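1. After the sequence you'll find the predicted model.
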Amino acid sequence: MSENFSRLDRLRIVREWQAYQLGRTDRTIAELEEREAAATRTARTLPPSAPEWKLSMLRTGSRSHADAVHTGDCGMSGKRTQSMTREQALRAITEGGVTACPYCRPDRDLGVL
(Lines give C-alpha, C1' and ligand atoms only; values in the text may rest on other atoms or scores of the structure.)
Protein backbone atom coordinates (compact mmCIF):
# COMPACT_ATOMS: atom_id res chain seq x y z
CA MET A 1 0.00 0.00 0.00
CA SER A 2 2.80 2.42 0.83
CA GLU A 3 4.14 1.76 -2.65
CA ASN A 4 1.13 3.58 -4.11
CA PHE A 5 2.06 6.85 -2.38
CA SER A 6 4.98 9.01 -3.30
CA ARG A 7 7.38 10.20 -0.66
CA LEU A 8 5.79 13.67 -0.85
CA ASP A 9 2.30 12.23 -0.27
CA ARG A 10 3.51 10.25 2.73
CA LEU A 11 5.11 13.39 4.23
CA ARG A 12 1.85 15.29 3.74
CA ILE A 13 -0.06 12.52 5.54
CA VAL A 14 2.43 12.59 8.43
CA ARG A 15 2.15 16.39 8.60
CA GLU A 16 -1.66 16.18 8.69
CA TRP A 17 -1.51 13.61 11.51
CA GLN A 18 0.95 15.79 13.45
CA ALA A 19 -1.32 18.84 13.04
CA TYR A 20 -4.22 16.76 14.36
CA GLN A 21 -2.16 15.69 17.39
CA LEU A 22 -1.02 19.28 18.01
CA GLY A 23 -4.66 20.42 17.97
CA ARG A 24 -5.57 17.76 20.54
CA THR A 25 -2.64 18.80 22.71
CA ASP A 26 -3.64 22.47 22.51
CA ARG A 27 -7.23 21.64 23.49
CA THR A 28 -6.05 19.58 26.46
CA ILE A 29 -3.74 22.37 27.62
CA ALA A 30 -6.60 24.91 27.37
CA GLU A 31 -8.91 22.62 29.34
CA LEU A 32 -6.35 22.07 32.09
CA GLU A 33 -5.59 25.80 32.30
CA GLU A 34 -9.31 26.52 32.71
CA ARG A 35 -9.62 23.92 35.48
CA GLU A 36 -6.61 25.38 37.26
CA ALA A 37 -7.99 28.92 36.98
CA ALA A 38 -11.38 27.78 38.32
CA ALA A 39 -9.69 26.03 41.26
CA THR A 40 -7.71 29.19 42.02
CA ARG A 41 -10.89 31.32 41.91
CA THR A 42 -12.64 28.86 44.23
CA ALA A 43 -9.71 28.82 46.66
CA ARG A 44 -9.78 32.63 46.86
CA THR A 45 -13.51 32.73 47.62
CA LEU A 46 -13.44 30.25 50.51
CA PRO A 47 -13.92 31.93 53.87
CA PRO A 48 -11.05 31.68 56.31
CA SER A 49 -11.31 28.70 58.60
CA ALA A 50 -12.57 29.25 62.11
CA PRO A 51 -9.96 29.19 64.86
CA GLU A 52 -9.71 26.02 66.87
CA TRP A 53 -9.69 27.89 70.20
CA LYS A 54 -10.81 31.39 71.22
CA LEU A 55 -10.16 33.62 74.20
CA SER A 56 -13.07 35.89 75.06
CA MET A 57 -12.18 39.29 76.43
CA LEU A 58 -14.14 41.41 78.93
CA ARG A 59 -13.87 45.14 78.90
CA THR A 60 -13.98 46.95 82.21
CA GLY A 61 -13.53 50.67 81.91
CA SER A 62 -10.72 51.29 79.49
CA ARG A 63 -9.01 47.93 80.03
CA SER A 64 -9.62 44.47 78.62
CA HIS A 65 -8.86 41.25 80.41
CA ALA A 66 -9.21 37.58 79.56
CA ASP A 67 -12.55 36.07 80.49
CA ALA A 68 -12.71 32.46 79.30
CA VAL A 69 -11.30 29.97 76.82
CA HIS A 70 -13.77 28.63 74.23
CA THR A 71 -13.71 26.10 71.42
CA GLY A 72 -13.59 27.71 67.98
CA ASP A 73 -17.28 27.08 67.24
CA CYS A 74 -18.70 28.19 70.61
CA GLY A 75 -21.46 30.74 70.26
CA MET A 76 -21.11 31.97 73.83
CA SER A 77 -17.71 33.57 73.27
CA GLY A 78 -19.13 36.98 72.39
CA LYS A 79 -17.80 39.52 69.92
CA ARG A 80 -14.45 40.34 71.50
CA THR A 81 -12.30 37.28 70.99
CA GLN A 82 -8.76 36.37 70.06
CA SER A 83 -7.87 33.17 68.26
CA MET A 84 -5.47 30.85 70.05
CA THR A 85 -3.44 27.75 69.35
CA ARG A 86 -4.02 24.59 71.32
CA GLU A 87 -0.88 25.23 73.37
CA GLN A 88 -1.95 28.78 74.22
CA ALA A 89 -5.43 27.60 75.27
CA LEU A 90 -3.96 24.85 77.43
CA ARG A 91 -1.54 27.29 79.05
CA ALA A 92 -4.28 29.87 79.68
CA ILE A 93 -6.46 27.34 81.51
CA THR A 94 -3.71 25.60 83.49
CA GLU A 95 -1.26 28.42 84.22
CA GLY A 96 -3.01 31.68 83.40
CA GLY A 97 -5.99 31.33 85.70
CA VAL A 98 -8.46 31.78 82.85
CA THR A 99 -11.65 29.78 83.21
CA ALA A 100 -12.97 27.33 80.67
CA CYS A 101 -16.36 28.06 79.13
CA PRO A 102 -19.02 26.02 80.97
CA TYR A 103 -21.01 25.55 77.73
CA CYS A 104 -18.47 24.31 75.18
CA ARG A 105 -16.11 22.79 77.79
CA PRO A 106 -12.74 23.31 76.08
CA ASP A 107 -11.03 21.81 79.14
CA ARG A 108 -12.51 18.44 78.22
CA ASP A 109 -11.21 18.68 74.63
CA LEU A 110 -7.82 19.84 75.89
CA GLY A 111 -7.60 16.97 78.37
CA VAL A 112 -7.68 19.19 81.47
CA LEU A 113 -10.33 18.15 84.00
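-> Cool, got the structure. In this text the structure is predicted, and so the values were computed from the model without any measurement. Residues are numbered from 1 along each chain as shown.
2. got a pLDDT number for A50?
-> Note for A50: predicted pLDDT of 69.
3. I meant to write G75 there.
-> Looking at G75, the pLDDT reads 87.
4. again, but for G96
-> With respect to pLDDT, G96 has a value of 83.
5. cool, the one 4 residues further on as well?
-> A100 is assigned a predicted lDDT (pLDDT) of 91.
6. who's in contact with it?
-> Residues counted as contacts of A100 (C-beta atoms under 8 Å, 6 or more residues apart in numbering) are A68, V69, I93, P106, D107, V112. C-beta here means a position set from N, CA and C on the backbone, and glycine is covered the same way.
7. which of those residues tops the neighbour count?
-> Highest neighbour count within those: V69, with 28 neighbours (other C-beta atoms under 10 Å).
8. Toward the C-terminus, what is the element adjacent to the lengthiest helix in the chain?
-> For the chain, the longest helix by residue count, based on DSSP state H, is helix 7-45. Proceeding N to C from helix 7-45, the next assigned helix or strand is strand 53-60, under DSSP states H and E.
9. just the contacts of A100: which has the poorest pLDDT?
-> Lowest-confidence member of the contacts of A100: V112, scoring 79 (pLDDT).
10. related to what we said a few turns ago, can you pick out the ones from the contacts of A100 that are in helices?
-> If you go by DSSP H, those have I93, P106, D107 in helices.
11. ok, the second one to E95 distance?
-> Yep, that's P106 we're talking about. Separation of P106 from E95 (C-beta to C-beta, to the nearest Å): 15 Å.
12. Doesn't Q82 lie inside a strand?
-> Yes: under DSSP: H, G, I helix; E, B strand; the rest coil, Q82 sits within a strand.
13. Surely it and S64 touch.
-> No: with contact defined as C-beta atoms under 8 Å, Q82 does not count as touching S64 (9.7 Å).
14. got any residues that touch both of the two?
-> With C-beta under 8 Å, 6+ apart, Q82 and S64 have common neighbours M57.
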